[in-house]
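**Q** Predicted model, plus sequence, below.
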Amino acid sequence: MDKISENIKKFRELKNITREKMASDLNMSVSGYSKIERGEVDLSISKIEKIATTLGVEISEILNFDATQIFNVQNNNLVQGIGARADNMHFHTDDYKEKYIKMLELEIERLTQIVKNK
């Protein structure tokens, strides 16, 4: 169940959705929703289905999320070995990677504004 909780958190962060928004959409308290992400609650299939709907993903994506879909870990030089050649690697862009990059760009903008306002 911990893996599912981690996956829910990853999708929420990738989609730039706050815990407060998730809790509101799921008709629960923020502390109750936070317990889901920390793996402190046993989730029913119907609850996972509601979470998936709120996140705009399929249940199977939450159950089987693989970070390599976003980070392309299988093509990382550290994983491939120092002698791996770039032309032997397959680089691909998918929606999750693009959304993650967008989320990071927004966070950089937010932090830049904070620094400027000090």
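**A** Everything's here; your move. Residues are numbered from 1 along each chain as shown.
**Q** what's the neighbour count on L106?
**A** 11 (other CB atoms under 10 Å). Where C-beta positions appear, they are placed from N, C-alpha and C, glycine not excepted.
**Q** ranges for the strands of this structure?
**A** Assigned strands in the chain: none (criterion: DSSP state E).
**Q** T54 and F11: what is the separation?
**A** T54 is 10 Å from F11, where distance means CB to CB, to the nearest Å.
**Q** Among the two, which residue is more densely surrounded?
**A** When T54 and F11 are compared for neighbours, F11 comes out ahead with 21 against 18, by other CB under 10 Å.
**Q** residue contacts, that one?
**A** F11 makes contacts with L55, V57, E61, I62, F65, as judged by CB atoms under 8 Å, 6 or more residues apart in numbering.
**Q** how about low-confidence regions in this protein?
**A** Scanning the chain for pLDDT under 70 picks out the ranges 1, 66-97, 99-100.
**Q** Regarding it, what is its longest helix?
**A** Using DSSP state H, we find that the single longest helix of the chain is helix 95-116.
**Q** Please name every helix or strand in contact with it.
**A** helix 2-14, helix 68-71 (3 or more CB pairs under 8 Å, 6 or more residues apart in numbering; DSSP states H and E).
**Q** Put the alpha carbons of it into CSV.
**A** The C-alpha coordinates for helix 95-116 follow below in CSV (Å, rounded to 0.1, in the frame of the first residue of the first chain):
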residue,chain,number,x,y,z
ASP,A,95,3.3,13.8,-21.1
TYR,A,96,4.5,13.1,-17.6
LYS,A,97,8.0,14.4,-18.3
GLU,A,98,6.6,17.6,-19.9
LYS,A,99,4.3,18.2,-17.0
TYR,A,100,7.1,17.6,-14.5
ILE,A,101,9.3,20.1,-16.4
LYS,A,102,6.5,22.6,-16.4
MET,A,103,6.0,22.1,-12.6
LEU,A,104,9.7,22.7,-12.0
GLU,A,105,9.6,25.9,-14.2
LEU,A,106,6.7,27.2,-12.2
GLU,A,107,8.5,26.5,-8.9
ILE,A,108,11.6,28.3,-10.2
GLU,A,109,9.4,31.3,-11.1
ARG,A,110,7.7,31.3,-7.7
LEU,A,111,11.0,31.1,-5.8
THR,A,112,12.5,33.8,-8.0
GLN,A,113,9.6,36.1,-7.0
ILE,A,114,10.1,35.3,-3.4
VAL,A,115,13.8,36.3,-3.6
LYS,A,116,13.0,39.5,-5.5
